[in-house]
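**Student:** pasting the structure only:
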């Protein structure tokens, strides 16, 4: 498997300023799909990179979710997952390090995992920075330099109904 991005390129993409469009919360539409809800939003970076935010949450288990930041690979229709914020609904194994944990965790794209033929974001670290879907999305917004556009009062809507 060829390496798509080196570690410094991955970090540069993650930290590139990304502009959320006005009304971005309303533009994320639910797409029921085999037991989960999915929403996506394309976002442009100030350096002309094209990103996609992908949100998935199990309809039954609120701890089974993913909040993903991907970048469109230039001159292709492929997405490369830069970060993935997962719930604690499953055990995760870092295969190279041979370590396992069952916790909320953040996946990181790495050159090392690409070199070994694993998915680009197969490496993950346990985190206590969030404990639910909404807080995971907030972490992604902060970590990935997503700039929220100002919305008028009354326009903001929850991405998913609160439990």
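**Tutor:** Structure's in. What do you need? No experiment lies behind these values; they were computed from the predicted model shown. Numbers count the residues shown, from 1 in each chain.
**Student:** ok, now how distant is the residue most central in space within the chain from residue 79?
**Tutor:** In the chain, the residue lying closest to the centroid (Cα atoms, centre = their mean) is residue 68, at 1.5 Å. According to Cβ to Cβ, to the nearest Å, residue 68 and residue 79 sit 9 Å apart. The way it works is simple: take the backbone N, C-alpha and C, and place the C-beta from them, glycine included.
**Student:** looking at this protein, which helix or strand is least sure?
**Tutor:** helix 24-27 (a mean of 77; mean pLDDT, DSSP states H and E).
**Student:** helices and strands around that helix, which ones?
**Tutor:** With contacts defined as 3 or more Cβ pairs under 8 Å, 6 or more residues apart in numbering; DSSP states H and E, helix 24-27 has these neighbours: strand 36-45.
**Student:** what does the strand it packs on rub up against?
**Tutor:** 13, 16-21, 24, 27-32, 50-59, 64, 146, 159-160 (Cβ atoms under 8 Å, 6 or more residues apart in numbering).
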